[in-house]
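Novice: Please work out how this folds:
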Amino acid sequence: MKTRTLLLVALGALTAAAATANAVQSASNPKVSRSQEGELQRIYVNTPSIPLDAAAYLATEVVHGRIEGVRAEFPGRGLARTVYTVRILQALKGASASTIEVSVAGGSNEDVTVDVVGAPRFRPNEEVVLFLWTSAADAETGVLGLQRGVYRVEGSSGETRYVTGDHAQHEELNQFFARTGEAWVRGQARIEAQERK
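Specialist: Predicted coordinates:
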């Protein structure tokens, strides 16, 4: 019962963070404080760290990809967002398409900058491992846990590649993928065991 409770608490926390990343939380959400400084709007989001097995279980996709495109969107309702086109290099979970669009809260245009503290930003051609979450409400995909769901890939093609992030500090890419797969299986087994009780 304790494991299930912890995973449900983590699910609630990460769902809130992912909803913010997908720009679907309303401006009245009391967990998000806002300050305005002229043309700058700053939003603070607290995203707790959770175990790797819980993150792997909750993610709808876990992918290694390259950032190929970026655009800012300022919808009439909801938060501004930056949409990144990610070329999938390998997928551990989900992601059957060759590219995927990932929305991250915050963005800028000539009139305003919306800065979401804790939301990741990516550079063109950067390689990353992403734990993603797709909203059932609008099918929009965001990063699970904001910056905590991002692992930066270091090293150029042909070299040993390393990832750095919440649960990996300069760990070899293939080892991290294998460890994440094992963690996903463990998380799924724990949930299934709890459901049988």
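Novice: Contact partners for residue 109?
Specialist: Contacts for residue 109 (CB atoms under 8 Å, 6 or more residues apart in numbering) come out as 72, 74. From N, CA and C alone the C-beta is placed, and that goes for glycine too.
Novice: What residues are bridge-paired with the residue nearest to the spatial centre of the chain?
Specialist: With distances taken as CA atoms, centre = their mean, the residue of the chain nearest its centroid is residue 143 (1.7 Å). Beta bridges link residue 143 to residue 132, judged by DSSP bridges.
Novice: again, but for residue 105
Specialist: Bridge pairing for residue 105 - DSSP bridges - gives residue 81.
Novice: Counting neighbours, what do you get for it?
Specialist: 30 (other CB atoms under 10 Å).
Novice: where in the chain is pLDDT low?
Specialist: The chain contains residues with pLDDT under 70 at 1-38, 157.
Novice: which stretches of it form helices?
Specialist: For the chain, the helices defined by DSSP state H cover 2-21, 52-58, 173-196.
Novice: Residue 98 and residue 90 touch, don't they?
Specialist: No: the criterion here is CB atoms under 8 Å, and residue 98 misses it with residue 90 at 11.5 Å.
Novice: of the two, who's got more company?
Specialist: For residue 98 versus residue 90, neighbours defined as other CB under 10 Å are more numerous around residue 90 (13 against 10).
Novice: what's near enough to touch the closest residue to that one other than its chain neighbours?
Specialist: Using CB to CB, 6 or more residues apart in numbering and skipping the chain neighbours, the partner closest in space to residue 90 is residue 64 (4.7 Å). Residue 64 makes contact with 88, 89, 90, 91, 92, 127, 128, 129, 153, 173, 177, according to CB under 8 Å, 6+ apart.
Novice: Tell me what the fourth one is bridged to.
Specialist: So that's residue 91. residue 63.
Novice: quick one: contacts for it?
Specialist: Applying CB under 8 Å, 6+ apart, the residues near residue 91 are 61, 62, 63, 64.
Novice: Over to the last one?
Specialist: Residues near residue 177 by CB under 8 Å, 6+ apart: 64, 90, 92, 129.
Novice: how about CSV for those, with distance to residue 138 added?
Specialist: CSV is the format used below for the contacts of residue 177 (distance: CB to CB, whole Å):
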residue, distance to residue 138
64, 25
90, 27
92, 24
129, 25
